[in-house]
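Undergrad: Turn this into a model:
(chains A and B)
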Amino acid sequence: MPGVRVRFAPSPSGSLHVGGARTALFNWLFARGQGGRFILRIEDTDRERSSPEMVEDILGALQWLGLDWDEGPFLQSERLDRYRQVADQLLSANKAYRCSCSTAELAAKRQAASASGKPWKYDGTCCGLSSDRSAERHARGLPGVVRFKGPRDGEVAFEDRIFGRIVHQAKQIEDFVLVRSDGMPTYHLGVVLDDLDMKISHVIRGADHISNTPKQILLYRALEQPVPVFAHLPLILGPDRTRLSKRHGATAVNTYRDQGYLPSPFCNFLALLGWSPKSEVESLSTDELIHQFSLKGVNKSNAVFDLEKLSWFNSRYLRNAPAERLFPLIKVELDSEGLWNDEFDSSGRAWMMKVIDLLKQRVRMVSDFATQGRAFFTDDFAIEDKARRKFLKSEVLTVLMPELAARLESLTAFGLEETESALRTFAAEKEVKAGLLINAARALLTGKAVAPGIFEVMAALGQERTVARLSDTSWMEDEPRAGE
RNA sequence: GGCGCUAUGGUGUAAUUGGUUAACACGCUGCCCUCUCAAGGCAGAGAGUACGGGUUCGAUCCCCGUUAGCGCUACCA
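TA: Numbering: from 1, shown residues only, chains lettered A, B, ... in the order given. Below you'll find the model as predicted:
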């Protein structure tokens, strides 16, 4: 479908949250799949809440996700003249009027209405004012807003691509504000004009905008312009089925990035919130998402954000990714943990790849490389309590481990076969189970109760470090430290 | 309160737009593998489709009501 133009239009009043990311993703997938254009627009007309820092934050999050835009970012704050021009046009066409009701007055009326259980909607006090009179008041500098003058009867309906036909009665739509008293346009004026000017063909946004759509359609009518296709996305909720908020844990995309989640599995997971592919295969690359995405696959009911499933996607991606691709990410991680060594990228690069392949098998997030894999990157690591309790409690180990170390030291080759047969032979001689020695070695070599296969660990560590760690007897005196 | 929308296992979603033992994935349980933990393999528990009425030979699917949840109800988006 050529001519497809979609947009993502966040408000920079906070960082990009998962709901916004999902909306951006669906727009992007749609654009890419249809050969259309993806436009980025920043809706910063609320001067109180918007900040340039948040714009940067949002752009950064989109880039991280890999959602590149074809046009923009356009800032609404740079299009103020345009909004005013159209507001004036509406004013002179008698399709809008100036209103000088104060916020306090309105609040009082609203209050009174709700106290008596009556529905409230702007009562049109200023609508009746003659244009001369309101122009005069405006000229006198009386603060006020511009309101849209809506129809009193008839219905406003549209065919939502996801929700189907939505109908509202015109009489229940109030004369909403188009221009604030500070001269800034409101959301409704802004979106409609921008979507028009930017020739947006499909408005794909959160379902929280369904109720706003009729107002906007009224505006399109007043401007005598055709309306775009609307497609509203079901919302993302927290585990308790209320709107997702900080209360439920992380909501900012950047937090997930910082915790070690990766863009590809993150998008894969997000795509499945409200959308499902035709096939039963859920694990999809970004390219596959692009090819399979369609608005028809989007459902109407709200979805709960399930961290467990996200983690599964992430660990699965990590496990299957080539070490080369993971390397730069791990480098950043090790660097921030003070574990980076330039040799890892030069003489030790091949070794590094081997270690990554070993570690990636049982990792959920990138940050796990630094925690679970610490002992591979530095000799400065502690034996965690759990490993000590599980694997080092047998008395015989105090004499066996140094002996095992000596045995391994005498090996002339240090491959998987050599170390394994040496250890098993030794265990047989001493009449202990190989597992006892293996697990003790795990604790001593990695400091962890969970690690890759022990002979692979030895091979990765090398003979020298392996022997050194196994013969070091300081662990025998150490008291288990709390909190490890 | 008013208006709108939604409702399939714990979670995300399927189900030739009325005919299935209601499917898949995450999670969960057990077993196998085994040096730990994952991964993998195998087996399993878990929904009769929110509830109540219709329409129909037959409803997850169509209609009505109820309930619940969500959204809008701002000079926020």
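Undergrad: Only C-alpha atoms from now on, for both contacts and neighbour counts.
TA: OK.
Undergrad: which residues sit in contact with the closest residue to A:Leu80 other than its chain neighbours?
TA: Once flanking residues are discounted, A:Leu80 sits nearest to A:Met184: 7.1 Å by Cα to Cα, 6 or more residues apart in numbering. With contact set as Cα atoms under 8 Å, 6 or more residues apart in numbering, A:Met184 has these partners: A:Thr45, A:Asp46, A:Leu80.
Undergrad: What's the separation between A:Met184 and RNA strand B?
TA: For A:Met184, the distance to RNA strand B equals 7 Å [Cα to the nearest atom of the strand, to the nearest Å].
Undergrad: sorry, back to before: mind giving me the PyMOL select for the contacts of A:Met184, buried ones only?
TA: Buried members of the contacts of A:Met184 can be picked out in PyMOL with the line below, counting by 16 or more other Cα atoms under 10 Å:
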select buried, chain A and resi 45+46
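Undergrad: out of the contacts of A:Met184, which touch RNA strand B?
TA: Among these, the ones lying near RNA strand B by Cα under 7 Å from any atom of the strand are A:Thr45, A:Asp46.
Undergrad: Remind me what the one helix or strand A:Leu25 maps to packs against, helices and strands.
TA: Here A:Leu25 sits within helix A:18-34, counting by DSSP states H and E. Packing contacts for helix A:18-34, counted by 3 or more Cα pairs under 8 Å, 6 or more residues apart in numbering; DSSP states H and E, involve strand A:5-8, strand A:37-42, strand A:202-206, helix A:263-271, helix A:286-292.
Undergrad: What are the contacting residues of it?
TA: Residues beyond helix A:18-34 that count as contacts (Cα under 8 Å, 6+ apart) turn out to be A:1-2, A:4-8, A:10, A:36-38, A:62, A:67-69, A:204-206, A:233, A:235-236, A:251-253, A:267, A:270-271, A:289-295.
Undergrad: What average pLDDT does stretch A:363-376 get?
TA: Mean per-residue pLDDT for stretch A:363-376: 95.
Undergrad: Report the buried residues of that stretch.
TA: Result for stretch A:363-376 [16+ other Cα under 10 Å]: buried residues A:363-370, A:372-376.
Undergrad: Among those residues, which one sits closest to RNA strand B?
TA: Nearest to RNA strand B among the buried residues of stretch A:363-376: A:Val363, at 6.5 Å, using Cα to the nearest atom of the strand.
Undergrad: element containing the residue nearest to A:Leu416 when sequence neighbours are not counted?
TA: Among residues not flanking A:Leu416 along the chain, A:Phe455 sits closest, at 5.5 Å (Cα to Cα, 6+ apart). Taking DSSP H and E as the criterion, A:Phe455 maps to helix A:454-471.
Undergrad: what about that helix, average pLDDT?
TA: Rounded mean pLDDT across helix A:454-471 is 96.
Undergrad: So which other helices or strands are in contact with it?
TA: For helix A:454-471, the packing partners by 3+ Cα pairs under 8 Å, 6+ apart are helix A:349-359, helix A:397-409, helix A:416-430, helix A:434-446.
Undergrad: coming back round to it: please see if the helix holding A:Leu25 touches RNA strand B.
TA: No. Helix A:18-34 stays clear of RNA strand B (Cα under 7 Å from any atom of the strand), getting no nearer than 9.9 Å.
Undergrad: quick one: that helix to chain centroid distance?
TA: Remark: helix A:18-34 is offset 12 Å from the chain centroid, using Cα atoms, centre = their mean, to the nearest Å.
Undergrad: cool, and stretch A:341-357?
TA: In terms of Cα atoms, centre = their mean, the centre of stretch A:341-357 is found 30 Å from the chain centre.
Undergrad: gap between stretch A:297-311 and the chain center?
TA: 13 Å.
Undergrad: before we move on, what about stretch A:260-271?
TA: Worked out by Cα atoms, centre = their mean, stretch A:260-271 lies 8 Å from the chain centre.
Undergrad: Contact residues of the stretch 251-400 of chain A facing RNA strand B?
TA: A:272-276, A:278, A:280-282, A:297-306, A:308-310, A:312, A:361-363.
Undergrad: all strands of the stretch 51-200 of chain A, in order?
TA: Along the stretch 51-200 of chain A, the stretches classed as strands by DSSP state E, counting those that start in this stretch are A:71-75, A:96-99, A:145-148, A:155-160, A:164-169, A:177-179.
Undergrad: got JSON lines for the ones you listed, with mean pLDDT too?
TA: As requested, the strands of the stretch 51-200 of chain A are arranged in JSON lines below (pLDDT from 0 to 100):
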{"stretch": "strand A:71-75", "mean pLDDT": "95"}
{"stretch": "strand A:96-99", "mean pLDDT": "92"}
{"stretch": "strand A:145-148", "mean pLDDT": "94"}
{"stretch": "strand A:155-160", "mean pLDDT": "94"}
{"stretch": "strand A:164-169", "mean pLDDT": "92"}
{"stretch": "strand A:177-179", "mean pLDDT": "96"}
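Undergrad: For these, could you give me a markdown table that also reports mean neighbour count and distance to RNA strand B?
TA: As requested, the strands of the stretch 51-200 of chain A are exported to a markdown table (neighbours: other Cα atoms under 10 Å; distance: least, Cα to the nearest atom of the strand, whole Å):
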| stretch | mean neighbour count | distance to RNA strand B |
| --- | --- | --- |
| strand A:71-75 | 14 | 11 |
| strand A:96-99 | 26 | 8 |
| strand A:145-148 | 25 | 6 |
| strand A:155-160 | 16 | 10 |
| strand A:164-169 | 13 | 5 |
| strand A:177-179 | 24 | 5 |
